[in-house]
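Chemist: coords please:
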Amino acid sequence: MDSAPNQSMTIANALVFDGISPELREASIVFRGGLVAAVGDVAPEGQVVDAGGKVAVPGLIDAHFHAYAVGLGGMEVERCPLSYSALVGARRLGSALRRGFTTVRDVAGGDRGLARAIEGGLIASPRYYYTGAAFSQTGGHGDPRSADVDICFSHGHMCAVVDGPDNLRQAVRERFRTGSHAIKIMASGGVVSLTDPIRLPQYSAEEIRAVVDEAVRRQSYVAAHAYSPEAIRHSVENGVRSIEHGNLLDQPTAALMAQHGAFLVPTLAAYDAMNRRGEALGLNPVSQAKNAEVLSAGKEAIGLALEAGVKVGFGSDLMGDLEDDQLAGVRLQIEAVGVFETLRSMTSVNAELLQNPDIGRIGAGAAGDAVLLDGNPFEEPSVLWDEARPRMVIQGGRAVA
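Modeler: Model prediction:
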């Protein structure tokens, strides 16, 4: 992932979005040893790429990614051989990197084996943060069984069913033993799950607090799948730091999130893609109906969150063959809140969520991740999502796409 110690390259004559300021800066960027060495009117080093006034942005971050999401149905995903899931995951990660996502957070999936392959340079991949399989109560969003299926299910590649505070404490400790960045819980019903109402909170307060207590003592945090105000409040009041989806968010709940310093990670691409393509790809009719309930509310939720002072990130949450809609999520979020807020969400805000100040920005000492776009997104937003437009992806100070 990272460059050799003395390897250097320069993007010259660029307009630079640093991840924080709405003002673009005319500058050159020097990368050395995998980091940003200097930004400004500086002498070029190594390989020189003349940007010709095009815009460079920090490497993009997708904070809701699923490497092992080989299909749209829960049981289809969980029963698949892990060797196949890992190969599919490697391809999904490589595709995300080529689109400009130099970092992803896998919330519900990933494991030490995939992380080792990435660290060892065996596959092309974004920087990879994973939670391991998400925790679900019996009959919750991570339980893939329909009401008519009479089999036992304890865990799969993306979800595990764990009930009770003591069992959850042990499971959380095992996640951290095996390298998880954070912990994911299912705190409300969901679109893909077949037996749970989408609005109702899941897990008891005691169970959520047990998970949060273990995570915080490891200097980590808990992310919760939650759609409704009831589920979001239940999560945040019991210490959850990252609310995933949050489509049905209302104003009082947004204010509560801001009060507790919780992040919102919207995933607009998933609902739009399921709405357009789900039926043709065999999405269960139950899931299609649930998706319709949350589809239109997602954009409004982002606006409510920002107005209340909530830090809003960016995620895609795409399952199966829908993964190629990743950049459509950028378009949808821009339609909701504009180019600047969306770029911040995909860079510095997501970096703060991941607790890594070295990514999501372009500045001296930062990780050497950047995307050179084919134009200026503030004037022509489509350069961010149009895959027909060329882009150079730099990760660890070297061009990777």
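
Chemist: show me the helices in the stretch 301-401 of the chain, by range?
Modeler: 328-337, 339-344, 350-353 (DSSP state H, counting those that start in this stretch).

Chemist: again but with the chain, I slipped
Modeler: Applying DSSP state H to the chain gives helices spanning 74-78, 82-98, 112-119, 165-177, 205-217, 229-236, 251-260, 268-277, 285-295, 298-308, 328-337, 339-344, 350-353.

Chemist: let me know which of those helices is the nearest to Val191.
Modeler: helix 285-295 (4.5 Å; C-beta to C-beta). Yep, even glycine has a C-beta here, placed from its N, CA and C like the rest.

Chemist: other residues contacting the closest one?
Modeler: 72, 189-192, 194, 198, 227, 245, 247-248, 271-272, 274-275, 278-279, 283 (C-beta atoms under 8 Å, 6 or more residues apart in numbering).

Chemist: identify each buried residue in that helix, please.
Modeler: 287, 290-291, 294-295 (16 or more other C-beta atoms under 10 Å).

Chemist: with stretch 363-383 instead?
Modeler: Applying 16+ other C-beta under 10 Å to stretch 363-383 flags 366-378, 381, 383 as buried.

Chemist: for it, the distance to its chain's centre please.
Modeler: 19 Å (C-alpha atoms, centre = their mean, to the nearest Å).

Chemist: pLDDT on it, on average?
Modeler: Here stretch 363-383 scores 98 as its mean pLDDT.

Chemist: convert the C-alpha atoms of that stretch to CSV, please.
Modeler: Only the C-alpha atoms of stretch 363-383 are listed here, as CSV (Å, rounded to 0.1, in the frame of the first residue of the first chain):
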residue,chain,number,x,y,z
GLY,A,363,-1.5,18.7,3.9
ALA,A,364,2.1,18.2,4.9
GLY,A,365,2.4,14.9,6.9
ALA,A,366,-0.9,13.4,5.8
ALA,A,367,-1.2,10.0,4.2
GLY,A,368,-0.3,10.3,0.5
ASP,A,369,-3.8,9.6,-0.8
ALA,A,370,-5.4,11.8,-3.4
VAL,A,371,-7.7,11.8,-6.5
LEU,A,372,-6.9,14.0,-9.5
LEU,A,373,-10.3,14.7,-11.1
ASP,A,374,-11.0,15.5,-14.7
GLY,A,375,-12.2,19.0,-13.9
ASN,A,376,-13.6,21.1,-11.1
PRO,A,377,-16.5,19.5,-9.1
PHE,A,378,-17.6,22.8,-7.8
GLU,A,379,-18.4,23.9,-11.4
GLU,A,380,-19.1,20.5,-12.8
PRO,A,381,-20.2,18.1,-10.1
SER,A,382,-20.5,15.1,-12.4
VAL,A,383,-16.7,14.8,-12.5
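
Chemist: returning to what we had before: between the helices of the stretch 301-401 of the chain, which gets nearest to Ala63?
Modeler: Judging the helices of the stretch 301-401 of the chain by C-beta to C-beta, what sits closest to Ala63 is helix 350-353, at 4.7 Å.

Chemist: which non-adjacent residue is nearest His66?
Modeler: What sits nearest to His66 in space, not counting adjacent residues and going by C-beta to C-beta, 6 or more residues apart in numbering, is Gly109, at 5.3 Å.

Chemist: which residues does the one you found contact?
Modeler: With the criterion set at C-beta under 8 Å, 6+ apart, Gly109 makes contact with 66-69, 89, 130-134, 157-158.

Chemist: surely Ser316 and Val265 touch.
Modeler: No: counting by C-beta atoms under 8 Å, Ser316 does not reach Val265; the two are 10.0 Å apart.

Chemist: these two: who's more crowded?
Modeler: Ranked by neighbour count (other C-beta atoms under 10 Å), Ser316 and Val265 place Ser316 first, with 28 against 25.

Chemist: so who does that one touch?
Modeler: Neighbours of Ser316 in contact, by C-beta under 8 Å, 6+ apart: 62, 64-65, 267, 269-270, 323, 325-326, 329.

Chemist: so which of these are in strands?
Modeler: Those of these mapping onto strands are 62, 64-65, per DSSP state E.

Chemist: can you pull the contacts of Arg98?
Modeler: Contacts of Arg98 by C-beta under 8 Å, 6+ apart are 393, 401.

Chemist: pLDDT weak spots in this protein?
Modeler: For the chain, the stretches with pLDDT under 70 are 1-5, 144-146, 150-151, 154, 192-194.

Chemist: the most centrally placed residue in the chain: what's it in contact with?
Modeler: Centroid-nearest residue in the chain: Ala63, 1.7 Å away (criterion: C-alpha atoms, centre = their mean). Residues near Ala63 by C-beta under 8 Å, 6+ apart: 104-105, 107, 242, 265, 313-315, 350, 353-354.

Chemist: same thing but 6 Å
Modeler: 105, 265, 313, 315, 350, 353 (C-beta atoms under 6 Å, 6 or more residues apart in numbering).

Chemist: what's the answer for Asp196, then?
Modeler: Counting by C-beta under 6 Å, 6+ apart, Asp196 has contacts 140, 189.

Chemist: before we move on, the earlier item: do you know which of the helices of the chain lies nearest Ala14?
Modeler: helix 339-344 (15.0 Å).

Chemist: any idea what Val30 is bridged to?
Modeler: Thr10, Ala38 (DSSP bridges).

Chemist: wait, it sits on Glu45?
Modeler: Yes: in this structure, Val30 is within contact of Glu45 by C-beta atoms under 6 Å, at 5.3 Å.

Chemist: related to what we said a few turns ago, who wins for neighbours among the ones in strands among the contacts of Ser316?
Modeler: Phe65 (31 neighbours).

Chemist: list the contacts of that residue.
Modeler: Phe65 sits next to 104, 106 when contact means C-beta under 6 Å, 6+ apart.
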